[in-house]
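Student: this one's sequence-less:
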């Protein structure tokens, strides 16, 4: 029995026609995924912390915090600090990756994309599974096509001790099996399914 | 459509357990290690609540539906001596694990009475990386001071916090029953690992 992660990527052109699709069992829950599970399982708020690496490569004293934000994936439009993110890097995934290799920034300039809200559906049970889907569409309004090679999930980091600030960390990074070219005016939708199975 | 890919590569958060029974002199009488089957639905639902930052109905360990909000203590398994609301438990239930399980089938209580154990404090090791794995361990010692051998231990599980309430996070049924002599102890260790 395991905790599995699956992803699907769908690319549409400006008319909404599907031009490419990829669906795979994901590789890779990163070190920070497990560090976060550990922190949530063993620490009480204010009761300790574990030094981890944030998305900027800096050390962060991770704890359960006091804000109830651990493991947050839901995010608003234009936010790239947490939620599903995409990039152009294609270096192989390593267990201690702490960010996407080359994040695509929010915007409509060259090489930029517009991130829509990242949504998280309620978990559902369908024996023998319990799963939920994290989803985000990212539109290309840059004026040219953009090739996406990597996806991931960033989450909010809380601290273990006061002051209870928040930071951001990468818990999943994936290099796509096939680079996905998103045409100008088109969009990419990335879905991650988090599932446990008996 | 330019390209359609549908392939499978492996990535998962895996769970495994070790059960060790010792006698009053500390000699190992029995040891069982196996991959775990079974995070149950509450585990994923608690992570879901955190991920989406809104409430969800989740069953507590009494089988009651509870409206659970995001929390800073959402899956804490920390437990002190004698605390059986959270942390690892053992029991005598034998029914196969199902995704909808919300409690052990027949959990052993805390104490020195018949079929009771003295539950020690939950312990853990920090996550460590080895090659493409990152893993950590959690364990708990439960000692038998009941005056008699406790037989028929067949199930293990972990209770976690959920905003002032408690939920079953994972449960396993052993391939064969173990017994713990008076003065002896059973130690349950779970390893949680991710691999890229």
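Tutor: Right, received. Where do you want to start? On a predicted model such as this, the values are computed, not experimentally measured, just so you know. Numbering: from 1, shown residues only, chains lettered A, B, ... in the order given.
Student: correct me, but residue B:188 touches residue B:155?
Tutor: No - the pair residue B:188 / residue B:155 is not scored as a contact, 10.5 Å apart, by Cβ atoms under 8 Å. C-beta coordinates here come from the backbone N, C-alpha and C atoms, glycine included.
Student: where along chain B do the helices fall?
Tutor: In chain B, the helices defined using DSSP state H lie at B:41-52.
Student: Now do the strands for it: every range, in order, please.
Tutor: Counting by DSSP state E, chain B has strands at residues B:3-8, B:12-22, B:28-35, B:56-59, B:65-68, B:87-91, B:118-119, B:123-124, B:128-130, B:133-143, B:150-162, B:165-180, B:185-195.
Student: Show me the helices in chain A, by range?
Tutor: Under the criterion DSSP H, chain A contains helices at A:31-42.
Student: biggest strand in it, by residue count?
Tutor: strand A:166-182.
Student: Show the contacting residues for the residue in chain A sticking out farthest from the centre.
Tutor: For chain A, the residue at maximal distance from the C-alpha centroid (Cα atoms, centre = their mean) is residue A:47, at 27.5 Å. Each residue near residue A:47 by Cβ atoms under 8 Å, 6 or more residues apart in numbering or on different chains is listed here: A:63, A:160.
Student: gap between it and residue A:63?
Tutor: 7 Å (Cβ to Cβ, to the nearest Å).
Student: Give me the common contacts of those two.
Tutor: Both residue A:47 and residue A:63 are contacted by residue A:160, under the criterion Cβ under 8 Å, 6+ apart.
Student: pretty sure residue B:39 is in contact with residue B:170, am I right?
Tutor: Yes - counting by Cβ under 8 Å, residue B:39 touches residue B:170, with 4.8 Å between them.
Student: one step back: check the residue farthest from the centre of chain A and give its pLDDT.
Tutor: We note a pLDDT of 81 for residue A:47 in this prediction.
Student: What of residue B:6?
Tutor: Here, the pLDDT recorded for residue B:6 equals 42.
Student: Buried ones in stretch B:96-108, by neighbour count?
Tutor: B:97, B:99, B:101, B:102, B:103, B:104, B:105, B:107, B:108 (16 or more other Cβ atoms under 10 Å in any protein chain shown).
Student: do the same with stretch A:190-198
Tutor: Within stretch A:190-198, the residues scored as buried using 16+ other Cβ under 10 Å are A:190, A:191, A:192, A:193, A:194, A:195, A:196, A:197, A:198.
Student: still on that earlier bit, which residues are in contact with each of residue B:188 and residue B:155?
Tutor: Each of residue B:90 lies in contact with both residue B:188 and residue B:155 under the rule Cβ under 8 Å, 6+ apart.
Student: where does the chain dip in pLDDT?
Tutor: No chain was given, so I picked chain A. Applying pLDDT under 70 to chain A flags the ranges A:1.
Student: look at chain B instead
Tutor: Within chain B, the ranges that satisfy pLDDT under 70 run B:1-12.
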